[in-house]
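Undergrad: here is my input; please provide its structure:
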Amino acid sequence: MSNMRKEVARNLKNMADEIAIRYSKKSRVQNVSNEIFTVDDIIPLSAQGAMVVYKKNSGKKALAHFIHVDHPKKPFWQYYFVGAQHFINLHQLEKVYADIERHNFKLNFN
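TA: From the prediction side, this is the model:
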């Protein structure tokens, strides 16, 4: 696993906290239970990826996948909350990605 740069890690922490605030808003359309979100854990996956576990005041938890976009002018964190639908056939992604990388590597020598 690649190490996350200090600045990227700090931005992740700030973004995770900001998302907790946004999702805790009582006026948020899908917050019908008026849940309050707090960051429970941040789990780095790579230099540019992480999982954030949110704890809700209902006792439930939620998982968000964060991906850092290292844009040259304005880098940012993109995220989505993970649901069961995100895991369907996910095991196939790794093989297809490896095939694409193998294909692209050969093009370096043309």
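
Undergrad: contacts only, for the nearest residue to Val39 once chain neighbours are set aside.
TA: Of all residues not flanking Val39 in the chain, Ala16 sits nearest, at 4.9 Å (C-beta to C-beta, 6 or more residues apart in numbering). Every C-beta, even on glycine, is put in place using the N, C-alpha and C of the backbone. Contact analysis of Ala16 by C-beta atoms under 8 Å, 6 or more residues apart in numbering lists Val39, Ile42, Val52, Ala64, Phe66.

Undergrad: ChimeraX command to pick out the buried ones of the residues you listed?
TA: Applied in ChimeraX, the following selects the buried portion of the contacts of Ala16 according to 16 or more other C-beta atoms under 10 Å:
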select :42,52,64,66
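
Undergrad: ok, the residue nearest in space to the middle of the chain to Ala16 distance?
TA: Closest to where the C-alpha atoms of the chain average out (C-alpha atoms, centre = their mean) is Phe66, at 1.5 Å. If you measure Phe66 against Ala16 using C-beta to C-beta, to the nearest Å, the figure is 7 Å.

Undergrad: what do those two both touch?
TA: Between them, Phe66 and Ala16 share the contacting residues Val52, judged by C-beta under 8 Å, 6+ apart.

Undergrad: beta-bridge partners for the residue nearest to the centre of the chain, please?
TA: Applying DSSP bridges to Phe66 gives these bridge partners: Ala50, Tyr79.

Undergrad: what do you get for Ile43?
TA: Beta-bridge partners of Ile43, counted by DSSP bridges, are Met51.

Undergrad: pLDDT (mean, whole number) over the longest helix seen in the chain?
TA: Longest helix in the chain by number of residues (criterion: DSSP state H): helix 6-24. Averaging pLDDT along helix 6-24 gives 96.

Undergrad: and that helix, which residues are buried?
TA: Buried, per 16+ other C-beta under 10 Å, within helix 6-24: Val8, Ala9, Asn11, Leu12, Met15, Ala16, Ile19, Ala20, Tyr23, Ser24.

Undergrad: check the offset of stretch 37-48 from the chain's centre.
TA: For stretch 37-48, the distance from its own C-alpha centre to the chain's C-alpha centre is 8 Å (C-alpha atoms, centre = their mean, to the nearest Å).
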